[in-house]
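Participant: Whatever this is, show me its structure:
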Amino acid sequence: MADLERSIVNHYNLSTPYPVEWPAELDESDEEVAPANHLSARKSKSRYSALERSASDRRSVIPGSQKTGDGRANLVQKDEQDPLGGTDSVVAVLKQRGLPVDEDARLRNKFLLSSTTFSPGLFLSQTHSNASTQSLLQGLDYLTRSIDQKSASLKVLVESNFERFVRAKATIDNVYTEMKNQGTETETGLISPPHSRHVSRSSGHFRNFSSGSAAATSQPSKPPPSKNALRKESEFGVQGIKAPLLELSQKAEDVWGPALGGRQREERLKSIVDAVQQEREIYELGANLSKSIKQKDYEAIVEQYNSARNYSNDARAVAEKAVNGRQALTDEQIHKILVTGRMWTDVETQVKALKRDIWRRLSNVQSVLPVAGAGQTEEHMELIAVLLELGVEDNPIWVWLLSRYDYLKTKITGMSERSKVEIEILRRQLAASEATSPPATASFLRQAVRDNPRAIDTEQVIEMWETNLAFLTKLLSFSSGLLGEVMEFWDSTQSFIDGQKQNTLPTGFEGQSRKHHRLSEAGVKDLQNGAIDLVNLIRDTVFSLFADAPIEDISLLLSPFPPNTPSTPLSAALSPGESRFGRIDPQTLPPPSPKRGEPWEDFAFWPPHSNSLSAVHYLSKLLNLVGTAASEMTSLSPIKAGSHSYEKIKAMVGAARERCVRAVCDAWNKDAESCRNLEDWTRSPENRDQTKMPTLFVGFEKSILLGLQKILYFSESQTKPGSGEVLTPPPAKLLQMVKTQFVTSVYKALSGMVENAEKAVRVDEDDWIIITPDMTSTNAGNISNPPTASDTIDASSRNVRMLLTLSNLKALRVDLVPQLVNLFESSFSVKLTEESKTIRDVLGQIDARLFQSYTLPTILTLTKTIKDGINAPDWAPVSSPTQVRPYVYTTMLTLVMVHTEVSTTVSTPSVTATPSSGGGSPSALLSEILSYLLEAVSTALLEAFSNRKPEKYTLPALMQATLDTEFIAQTMSQYATSKASDTQSEIYQVLDKRTSNDARAKLQQELGEMRITLKKLRDGSRGSFGCFKRQRQERGRPERKATE
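Facilitator: Predicted structure coming up:
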């Protein structure tokens, strides 16, 4: 039953199988006019041309078409056969697949070939989703045959009705020819009108019809047409009377024109002058406005535009009154309305152009004056006021704030990305260069005691540090950087939000701009979010510089920079392919630096091969900017109002500080190994017992510690009230890192000093280092101490180097290192209890090692001399001795040599030396060394007397041993220590044990004579051993502890 109803509906083109009345569409004619060139168009058609039919001829192919209510033919059927020959019903297949084709006509039309919305892809995907390639090829053959059949039927239709079309055209041509040749006299047998159509030679019946036309061509030429013929040449029948009429009109004008037109012209001109004089202001308003616009006289522009609006409102009121009262307008009123309308059109055109120019200038006002200041503020407020006076739909306040936000965002992004690329290029260039040698590094470290930041590293490293500093200054400076512009933008925004700045702005003509004085709540929220976005953009840029690894893509310098507006100066400052490096050649861009395990490879801001002095100097400045900027950013009200940006800024500060401390500590650790090259074996001008090494080392360490204090505590950053605790104290991890590196640097420097003392030094041909005037002055430009003979140091002598190093170590242990420890504790508010003990232990061990290294050769020589002398066969005299044995003089001469070496090396007087400087008096080290050697001599005497053969000492031998021992002891009494005294007591005990009672008793009787002999010997050697005489001002004897 359903199939029957569907067949009825399709056959009669009904909308329902049970209509209540006859459809009106079926009563209308469905004939359509064919295109005029339908017969003449002979286009080549493909074999599938039957599918390319238009809406007008589709009715002749598909039966049962009808017109809808809007008159458009509806040729789509409810169902069709599969065009590929698969099934008799496409709709049935779609229903099986669950598609609602009955309810949704649009969906059904996509699957019907007769619809204009037929979708081949959708048809194949749904009705032939499981079809094989072979079945699709068979369907293509089926479709091809169907198209060929339809094309043949259409061809038959055209051929069968072609004669009708030709006869109709011939009739029309005959009628036109008769009208065109009206009045023409013809002979019997009228000429048939030629037919311009060329028909197919295969149409035999039309060839008979056209024979008359062929015969007509052989007749004589026809006479000219009548003057009344409907031809263009005779102006379609009126040419005969046109000339007399024109002649008559001209004569009438010549006779009556002057008489009739003079008075009328006079009255007309007078009325025009009166009307212009009466409405003079209206006529002149457009020209005055144009002049004011050229002069940019905004007050005059607003006044003139308001006058124009008043005239326009008056004219509109007159017209509305006449309309409402149904009264006729007078000529004067009509004239005034027309004049006002023309004036208003001109004024409105000029004002619209002026508004466009002001909008453009308002959007680009930050480009004209990129630096924040009063000039910019006055300009944009003036432009906003003019727009409010003229009346605009958009809010100029909002437009300016939005354009300012876009400009700042673009400028921050462009400048940040480009600066990072420039920094990376410098970093790669440095990475590809050779590392600074230790001696060259030491020459830079010597600048720590001088105030010359440009000389603390190589020019390339300083250039990269300066680039980093310039980048962050442009970004974070409150006075001249982008952060300052952001802060100024928010201050202006806040004043507009609070309504303070609107107090100075006009409300416009009749208060129409008052609506623009208040920003909407959504607009205020957007502005707050915009300020947060700008702050986050700056924060992300700083965080990326310090925390991220070096960038890999540096092609930005080669690509054009997109300008914000046509007049944006940023695009001019950063032109394509040019930067601070000049024009960049893509072929010369440095490649990424290879990974060699260097600490600086993971830092984008750290110049490769940079020393710690330049690092701590510039990083303290960078973090000063970061700390001050963080305080400024967190003081913004949108940031303080619970935004997550506060914690992000706090994290940025912590990350920047940690990365900077890591960089400084890594560079510090490497530079500590180069501190050994600070030793140039020249005397310090402040203390001649030392070289410049301790002063240079302490100056270097102080510079690092003071710089780290600025980095860790942001001591130079300016905090703003209300910014919160964004600058927090350093974590314990960073403090521990600094403490560990401090101890390590001291240990490495001390180890380097020992290596310098023990390692041979290559000097010039004369083997001396002469002090130059520059070396004697702390500052390069201050020459205070001229070189003297005492300034020369025999650096090739190992003992000289040992003595100077011992003097340096004593100064470090007693005075300089404690100063560094105190500076560390006061700078970082921590106690270095364990670290101080470790440093003291290291200093003691190194000092003991170096002291032993210096004295051991002398001790071995003295021990051998003493033992050989005492064990000599002729040592024991046969009678009472009157002289000490030769080994005693040899021993004393060795001590004199040591005294001379020490006193000339480290006991030179200093103008600025004090009793406490350098660890003691000028002879402190000399006394310590001689005391230690005296102890060694005493020990050698004890061992020699204990081991001498025979075991028993005779009285002369006992007297000789006593004389030798007492001569050495009394001559060296200035350097006697408790240990030496105890050893001498042990010597007498050994001698007493190895002698007889008789010799012991006789020795007591000879003691007086022995004293006289000893006094003579000492008096005789006073000139040789006078250097050992006690100085009156010296008190006490420094002793070297046994643990050392």
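Participant: Spell out for me which residue occupies the centre of this structure.
Facilitator: S416 (2.6 Å; C-alpha atoms, centre = their mean).
Participant: Tell me if that one really is in a strand.
Facilitator: No. Counting by DSSP: H, G, I helix; E, B strand; the rest coil, S416 is not part of a strand but helix.
Participant: And the helices in the stretch 801-950 of the chain, which stretches?
Facilitator: For the stretch 801-950 of the chain, helices defined by DSSP state H, counting those that start in this stretch occupy the ranges 817-828, 833-870, 886-906, 924-947.
Participant: hmm, I was thinking of the stretch 101-250 of the chain
Facilitator: Under the criterion DSSP H, counting those that start in this stretch, the stretch 101-250 of the chain contains helices at 105-109, 120-127, 133-180, 204-209, 211-216, 239-278.
Participant: The stretch 351-500 of the chain too?
Facilitator: 365-368, 374-390, 396-432, 438-445, 459-476, 482-498.
Participant: can you dump the C-alpha coordinates of the fourth one into CSV?
Facilitator: Listed next in CSV are the C-alpha coordinates belonging to helix 438-445 (Å, rounded to 0.1, in the frame of the first residue of the first chain):
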residue,chain,number,x,y,z
PRO,A,438,95.5,30.9,33.4
PRO,A,439,98.2,33.7,33.3
ALA,A,440,95.8,35.9,31.3
THR,A,441,93.0,35.1,33.8
ALA,A,442,95.3,36.1,36.6
SER,A,443,96.0,39.4,35.0
PHE,A,444,92.3,40.1,35.0
LEU,A,445,92.0,38.9,38.7
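Participant: who touches that helix?
Facilitator: Contact with helix 438-445 is made by 436, 455-458, 611, 613-614, 671, 673-678, 696, 700, as judged by C-beta atoms under 8 Å, 6 or more residues apart in numbering. Any C-beta I mention is one placed from the backbone N, CA and C, and that applies to glycine too.
Participant: can you do 6 Å?
Facilitator: Contacts of helix 438-445 with the rest of the structure, by C-beta atoms under 6 Å, 6 or more residues apart in numbering, involve 456-457, 611, 674, 677-678, 700.
Participant: What residues of that helix count as buried?
Facilitator: 438, 441-445 (16 or more other C-beta atoms under 10 Å).
Participant: pLDDT and distance to S495 added to these, as a markdown table?
Facilitator: Listed next are these as a markdown table, based on pLDDT from 0 to 100; distance: C-beta to C-beta, whole Å:
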| residue | pLDDT | distance to S495 |
| --- | --- | --- |
| P438 | 87 | 59 |
| T441 | 85 | 54 |
| A442 | 85 | 57 |
| S443 | 87 | 56 |
| F444 | 87 | 51 |
| L445 | 86 | 53 |
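Participant: And those, which is closest to I282?
Facilitator: F444 (82.2 Å; C-beta to C-beta).
Participant: With N452 as the reference, measure out to the closest one.
Facilitator: Using C-beta to C-beta, to the nearest Å, we find F444 at a distance of 10 Å from N452.
Participant: picking that back up, looking at the helices of the stretch 101-250 of the chain, which is closest to S827?
Facilitator: helix 120-127 (77.6 Å).
Participant: buried residues in that closest one?
Facilitator: Neighbour-count burial for helix 120-127 [16+ other C-beta under 10 Å]: 123, 126-127.
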